[in-house]
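> I'll drop the sequence and a predicted model, then ask my questions.
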Amino acid sequence: MPAVSLDQIISLCKRRGFIFPGSEIYGGLQGAYDFGPLGVELKNNLINDWWRSNVYERDDMEGIDASILMNRLVWKYSGHEETFNDPLVDCRNCKSRWRADHIKDKCPNCGSTDLTEPRPFNMMFKTQVGPVADSGSFAYLRPETAQGIFANFSNVLATTSRKLPFGIAQVGKAFRNEINPRNFLFRVREFEQMEIEFFVMPGSDETWHERWLEARLAWWESIGVRRERISIYDVPADELAHYSKRTYDLMYDYPSIGVQEIEGIANRTDYDLGSHSKDQASLGLTARVNLNEDSTARLTYFDHESKRHLVPYVIEPSAGVGRCVLAVLCEAYDEEQIKAPSAERLQSVADALSAFLKSAGKSEKIRPEQRDALIAQGQSLADALAERLPEVETLLAMPGADEIELGKKLRGQAQPILDEHYRTVLHLRPRLAPVKVAVFPLKRNHEQIVATAKQIRRQLQAESGVRTVYDDSGAIGKLYRRQDEIGTPYCITVDFDTLGEGKAPGHAGTVTVRDRDTMAQERVPIGELQTYLREKLR
RNA sequence: GCGGGCGUAGCUCAGUGGUAGAGCAUCUGCCUUCCAAGCAGAUGGUCGCGCGUUCGAAUCGCGUCGCCCGCUCCA
């Protein structure tokens, strides 16, 4: 059973060290999250995969890493100073808040004209540069990494002798002062972008836009995000960003929060390179740019065929790393039944469930439509509790469910049975898994078994470079499940047979390798482990 | 930002004015143990934070921070 609520993912992330709320010891900071020991591995693996697939496996791409702080004029001419700046007004009567440019003198909600003066709200974070804090000494934290690429267009062109079409890729942090960060990694104030600016001949932009759409869809599929969970949103003209002629948003169907953007693929035309150029009138620009009196450069490309300088068009595939991590986790998440719970124990959950539903039916704290949805869901669950036990959590995650006091009791009844009869497993692609291999001793107080297991672990990590961990803090079944939960593809167990002390003398010098997805085991000679795993982990 | 709900041990929760609890997890021993429940012991919380009411506050009031839901906002 795949993830049905974001809470399941959030809980796993916190519990196992993928992602923590930022600054938690001081009560947290809204819209900031920290990646833990496993999270950083997963995130780095994703970024590396993106880089490999977009930079190394193509012939038309270079990479850069630009600074986060840039001259303020970058943001003046990119249009962000103007467009990332929304004047807001509050209605004193009904307490609603609106964008001043979206309403006329009257609150659309209650019709009141008792509005506050418009107050500017800038999405860009400001910081002071240098020791003197006067009005001219500030810079913005970049709201997108893209401008670092545009600003370096001529540098890259001059140092690499690239011909159109070619692209520049970059991964880095960006910052937006979101009014209301929400939904875990989905909307945060500090995030990482994986961006490509792909420069093409004007006129070929539409073809390249389509090609990139296909290329990006293929990448998402290659990291385990099923095609049928992604939809393409052709952004209507009135919703386009100020720099875009056309944009395809790739939308992923997240649990709890529904269909949301995971990547934007925009046709930015000649807007950015043109905006940052001097002598704009002579460049034959098609985009409407602001007059630039500060730039010292023409960001143009000399086309040898037509013998003229031109401003390339730009296709920009831009994905958020956090949203990507989240989507990959949601896709990989699974709860599987290992063995059937006894009728007696199921009955205790069934009783708690029916008490919960009775209480929900009488509750006046929740809205009728929420109550009806809860009861409908609960009843269908009650009819097939044996097969659908994990959905108790789903039920309790529904809007309004936490208003019902008996919910905690229901969870308390279901939890121990779930722990024992189900496993949580992340079916991550092996190359994305934070840990590739775990090594266990079958018995943790047998000196020789422990020593052999530790030796195997050391050797594998040192010689093959794959992330390998050792664990002996529990019975073997518990160790397997612990690794399942973080998506470790292979577990190696050293047992008595390995030492030649078991019932199968022929197995001396071999260990069992257990597959995460099938739970099947295979005996492999210790000396062949490295080759065996290299093959499997590819 | 508004409205509603929530915040007690790493996790799930009990505790409604009188000395902070349980189960699981973790750690240390013991056990020939391949798919989470063996045995014994131990660690761990100024009850989100602050102020107030009270002889006394996890419990009551106010404020604040964070999270969740719905609006709003936002790519």
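Ah, there it is.
> got a list of what residue A:506 touches?
Counting by C-beta atoms under 8 Å, 6 or more residues apart in numbering, residue A:506 makes contact with nothing. Every C-beta, even on glycine, is put in place using the N, C-alpha and C of the backbone.
> measure it to residue A:362 for me?
Residue A:506 is 66 Å from residue A:362, where distance means C-beta to C-beta, to the nearest Å.
> What about the residue of chain A found nearest RNA strand B, how many residues nearby?
Closest contact between chain A and RNA strand B, by C-beta to the nearest atom of the strand, is at residue A:477 (2.5 Å). Neighbours of residue A:477 under the rule other C-beta atoms under 10 Å: 10.
> Secondary structure element for it, which one?
Element membership for residue A:477 (DSSP states H and E) is helix A:476-486.
> what's the host helix or strand of residue A:191 packed up against?
Using DSSP H and E, residue A:191 falls within strand A:190-200. With contacts taken as 3 or more C-beta pairs under 8 Å, 6 or more residues apart in numbering; DSSP states H and E, strand A:190-200 sits against helix A:37-51, helix A:146-151, strand A:166-175, helix A:205-222, strand A:313-320, helix A:321-332.
> from the middle of its chain, how far away would the second one be?
I take that to be helix A:146-151. Computed by C-alpha atoms, centre = their mean, to the nearest Å, the chain-centroid distance of helix A:146-151 equals 23 Å.
> what comes up buried for it?
A:146, A:147, A:148, A:149, A:150, A:151 (16 or more other C-beta atoms under 10 Å).
> now those residues in JSON lines, with distance to residue A:456 and pLDDT?
Below are these laid out as JSON lines (distance: C-beta to C-beta, whole Å; pLDDT from 0 to 100):
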{"residue": "A:146", "distance to residue A:456": "47", "pLDDT": "96"}
{"residue": "A:147", "distance to residue A:456": "49", "pLDDT": "97"}
{"residue": "A:148", "distance to residue A:456": "45", "pLDDT": "97"}
{"residue": "A:149", "distance to residue A:456": "45", "pLDDT": "98"}
{"residue": "A:150", "distance to residue A:456": "50", "pLDDT": "97"}
{"residue": "A:151", "distance to residue A:456": "50", "pLDDT": "97"}
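> And the furthest pair within the residues you listed?
With C-beta to C-beta as the measure, no two of these lie farther apart than A:146 and A:151, at 9.6 Å.
> Show me what the following helix or strand past the helix holding residue A:477 pairs with in its sheet, parallel or antiparallel.
Using DSSP H and E, the helix or strand that follows helix A:476-486 in sequence is strand A:490-494. Partner strands and pairing direction for strand A:490-494 (DSSP bridges) are strand A:437-441 (parallel), strand A:510-515 (antiparallel).
> Show me what counts as buried in the first one.
Okay, so that is strand A:437-441. Under the neighbour-count criterion of 16+ other C-beta under 10 Å, strand A:437-441 has A:437, A:438, A:439, A:440, A:441 buried.
> burial of the nearest residue to the first one once chain neighbours are set aside, as a residue count?
Spelled out, that is residue A:437. Nearest residue to residue A:437, sequence neighbours excluded (C-beta to C-beta, 6 or more residues apart in numbering): residue A:468, at 4.5 Å. Per other C-beta under 10 Å, the neighbour tally for residue A:468 reads 22.
> Check the one 5 residues further on too.
Using other C-beta under 10 Å, residue A:473 is surrounded by 9 other residues.
> Show me what from the stretch 401-538 of chain A comes close to RNA strand B.
Proximity of the stretch 401-538 of chain A to RNA strand B (C-beta under 7 Å from any atom of the strand) is limited to residues A:402-403, A:405, A:407-409, A:411-412, A:415-416, A:419-420, A:423-424, A:442-445, A:473-478, A:480-482, A:485, A:493, A:495-497, A:501-502, A:511-512, A:514, A:519-521.
> Residue A:278 reaches residue A:298, doesn't it?
Yes - counting by C-beta atoms under 8 Å, residue A:298 is a contact partner of residue A:278 at 6.2 Å.
> Please say which of those two ends up with more neighbours.
Of the pair residue A:278 and residue A:298, residue A:298 is the one with more neighbours under other C-beta under 10 Å, namely 18 against 15.
> Double-check that one against residue A:276; I have them as touching.
No - assessed by C-beta under 8 Å, residue A:298 is found out of contact with residue A:276, at 9.4 Å.
> What parts of the stretch 151-300 of chain A come near RNA strand B?
Neighbours of RNA strand B within the stretch 151-300 of chain A, by C-beta under 7 Å from any atom of the strand: A:176, A:178-184, A:187, A:235, A:239, A:241, A:247, A:249, A:256-257, A:261, A:264.
> Any of these buried? List them.
Buried residues within those, defined by neighbour count using 16+ other C-beta under 10 Å: A:176, A:181, A:184, A:187, A:235, A:247, A:249, A:256, A:257, A:264.
> close enough to count as contact, the fifth one and residue A:250?
Which is residue A:235. No - the criterion here is C-beta under 8 Å, and residue A:235 misses it with residue A:250 at 11.3 Å.
> What lies in contact with stretch A:339-352?
Applying C-beta under 8 Å, 6+ apart, the contact partners of stretch A:339-352 are A:382, A:385-386, A:389, A:392, A:406, A:409-410, A:412-414, A:417, A:420-421.
> Can you give me the buried ones in the longest helix seen in chain A?
Assignment by DSSP state H gives helix A:343-362 as the longest helix of chain A. Within helix A:343-362, the residues that count as buried by 16+ other C-beta under 10 Å are A:345, A:346, A:349, A:350, A:352, A:353, A:356, A:357, A:359, A:360.
> after it comes which helix or strand?
Taking DSSP H and E, what comes next after helix A:343-362 is helix A:368-382.
> Identify each buried residue in that following helix, please.
Across helix A:368-382, burial judged by 16+ other C-beta under 10 Å covers A:370, A:371, A:373, A:374, A:375, A:377, A:378, A:381, A:382.
> Among these, which has the minimum pLDDT value?
Here the lowest pLDDT out of the buried residues of helix A:368-382 sits on residue A:370, with 73.
> Neighbours of the closest residue to that residue other than its chain neighbours, how many?
In space, residue A:370 comes closest to residue A:400 once its chain neighbours are excluded; the distance is 3.7 Å by C-beta to C-beta, 6+ apart. Using other C-beta under 10 Å, residue A:400 has 17 other residues around it.
> buried ones in stretch A:166-175?
Those would be A:166, A:167, A:168, A:169, A:170, A:171, A:172, A:174, A:175, for stretch A:166-175 by 16+ other C-beta under 10 Å.
> In contact with residue A:146: list those residues for me.
With contact taken as C-beta under 8 Å, 6+ apart, residue A:146 is in contact with A:195, A:197, A:268, A:272, A:316, A:318.
> wouldn't the fourth one be in contact with residue A:150 here?
Just to be clear, that refers to residue A:272. Yes - assessed by C-beta under 8 Å, residue A:272 is found in contact with residue A:150 at 4.5 Å.
> joint contacts of the two?
Common contact partners of residue A:272 and residue A:150 (C-beta under 8 Å, 6+ apart): A:78, A:197, A:314.
> Identify the bridge partners of residue A:522.
With DSSP bridges as the criterion, residue A:522 is bridged to residue A:513.
> May I have the secondary structure class of residue A:340?
Per DSSP: H, G, I helix; E, B strand; the rest coil, the secondary structure class of residue A:340 is coil.
> tell me which element residue A:75 is part of?
Assigned by DSSP H and E, residue A:75 belongs to helix A:72-77.
> Next, the buried residues of the following helix or strand past that helix.
Downstream of helix A:72-77, the next assigned helix or strand under DSSP H and E is helix A:80-83. For helix A:80-83, a neighbour-count test (16+ other C-beta under 10 Å) marks A:80, A:81 as buried.
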